[in-house]
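1. Quick one: sequence plus predicted model below, questions after.
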Amino acid sequence: QLVESGGGVVQPGGSLRLSCSASGFTVEYWSVSWFRQAPGKEREGVSCISPGSKTTDYADAVKGRFTISRDNAKRTAHLYMTNLKVEDTGVYYCALVDGLCSLDQYQADHWGRGTQVTVSS
């Protein structure tokens, strides 16, 4: 089971830290990816991190603003989002990917239910 938390309402320019907690998985064998879905839009990859944290990747839209991390001992992953923009609004999902770090939702094997992020003035 994957459970996201940390979403909320924030003004443009603000920050949020999302968390993803995993249970029932040996998470150190999985890459972790974050996806988001805005109203009326397709789900898109935001960031991913490899099992040993050596590899990370970010969508162009969030590079320089978002940072992904993970703590395998605590079975958690985090997405620290800064300088948030209105267009960052959406439901954010974490997912486990069996293999390489990937921003392709079709590579994800297990999903959380998501947490809402709203950026609004």
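-> Good, I have the coordinates.
2. Next one, pLDDT for residue 28 please.
-> Per-residue confidence (pLDDT) for residue 28: 87.
3. Over to residue 25?
-> Model confidence at residue 25, given as pLDDT, is 82.
4. how about it, secondary structure?
-> coil (DSSP: H, G, I helix; E, B strand; the rest coil).
5. go on, the one 3 residues further on?
-> Secondary structure state of residue 28, per three-state DSSP, is helix.
6. is the residue nearest the centre of the chain in a bridge, and if so with what?
-> Centroid check for the chain by Cα atoms, centre = their mean gives residue 34 as the closest residue, at 2.5 Å. Taking DSSP bridges as the rule, residue 34 bridges to residue 47, residue 94.
7. wait, isn't it in contact with residue 44?
-> No. Here residue 34 lies out of contact with residue 44, judged by Cβ atoms under 8 Å, at a distance of 10.1 Å. For every residue, glycine as well, the C-beta is placed using N, CA and C.
8. List the contacts of residue 47.
-> Applying Cβ atoms under 8 Å, 6 or more residues apart in numbering to residue 47 gives the contacts 33-34, 56-59, 62, 66, 68, 79, 103.
9. go again using 7 Å as the cut-off
-> 34, 56-59, 62, 66, 68, 79 (Cβ atoms under 7 Å, 6 or more residues apart in numbering).
10. do the same with residue 62
-> So residue 62 contacts 46-47 (Cβ under 7 Å, 6+ apart).
11. so where do the helices sit in the chain?
-> In the chain, no segments count as helices under DSSP state H.
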